[in-house]
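Asker: kindly generate the corresponding structure for this input.
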Amino acid sequence: METSDDLVEDVTEDGCRILRENKRDMLLEAYYTIYNKQCFSNSLPFSLPVIWAKKITLPDGGHASAIYVPGDAVLRRRYIAINDTLSGMFPLERLCLLHEMVHVKVGPEVGHGEEFIAEFKRVLDANKWEVMGCIDSPPPVSAT
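Answerer: As a prediction, this is how the structure comes out:
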C-alpha cells in the first residue's frame, strides 16, 4: 500500500488496485446508512466506510466504476469505493452504491448471477426505485 497525504493505493489479494482518497465521504456514508435501513433492514455492517476512488483497476487490467473491498489476507479493512468521475452524477453515484451494497449482502464471490440480480431487484423495489429517479409525480387534482 502506497500512501501520500491525499491518496492511498490499496492492492487486494486478488490484484485489484484502488487509488483512493485518504478520507471517508460523509454524504456517501449517509446514503449507505439510509439504504441499509430502507432496503436491508439494517442487516449490513454498521458504518462501512464509503470513499471516492481516483481509479479502480481490476486484475485483468480493466476498470470498474465501483467496488466492494471485503477485506482479505493482504488488505484487512473493508470498504466501498466509487470512482469519483461519478460524483454529482445522480442517480449513477447512488445506484453504484446500492449495487455494491448488494455485494456486501450476498458476498463478492457471488458475482452478478441470478442470486445477485434477484437481490438487486428486491433492493430497488424496497427503495421504490427512487434511486433511479423513477418516482412519478402524483396525478393532478381535478377541479371538478
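Asker: from here on, just use CA atoms for contacts and neighbour counts.
Answerer: Noted.
Asker: would you confirm that Glu21 contacts Ile56?
Answerer: No - Glu21 lies out of contact with Ile56 (CA atoms under 8 Å); the separation is 11.9 Å.
Asker: strands of the chain, residue ranges please.
Answerer: 2-3, 7-11, 17-21, 50-57, 66-69, 79-83 (DSSP state E).
Asker: got any ranges where this protein has weak pLDDT?
Answerer: Across the chain, the ranges flagged by pLDDT under 70 are 1-5, 73, 132-144.
Asker: returning to that earlier point: got CSV for the strands of the chain, with distance to Val102 too?
Answerer: Output for those, formatted as CSV (distance: least, CA to CA, whole Å):
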stretch, distance to Val102
strand 2-3, 29
strand 7-11, 22
strand 17-21, 20
strand 50-57, 14
strand 66-69, 9
strand 79-83, 11
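Asker: CA-only coordinates of stretch 24-43 in CSV, if you can.
Answerer: Extracted as CSV, the C-alpha positions of stretch 24-43 are listed here (Å, rounded to 0.1, in the frame of the first residue of the first chain):
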residue,chain,number,x,y,z
ARG,A,24,-14.2,8.9,4.1
ASP,A,25,-17.1,10.7,2.4
MET,A,26,-19.8,11.6,4.9
LEU,A,27,-22.6,12.1,2.2
LEU,A,28,-22.0,8.7,0.7
GLU,A,29,-21.9,7.2,4.1
ALA,A,30,-25.2,8.9,5.0
TYR,A,31,-26.8,7.3,1.9
TYR,A,32,-25.3,4.0,3.0
THR,A,33,-27.0,4.3,6.4
ILE,A,34,-30.3,5.3,4.8
TYR,A,35,-30.2,2.5,2.2
ASN,A,36,-29.1,0.0,4.9
LYS,A,37,-32.2,0.8,6.9
GLN,A,38,-34.6,1.2,4.0
CYS,A,39,-33.5,-1.7,1.8
PHE,A,40,-31.6,-4.1,4.0
SER,A,41,-33.4,-3.8,7.4
ASN,A,42,-30.0,-2.7,8.9
SER,A,43,-28.6,-6.1,8.2
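Asker: quick one: buried residues of that stretch?
Answerer: Neighbour-count burial for stretch 24-43 flags Arg24, Leu28, Glu29, Tyr32, Thr33, Tyr35, Asn36, Cys39, Phe40 (criterion: 16 or more other CA atoms under 10 Å).
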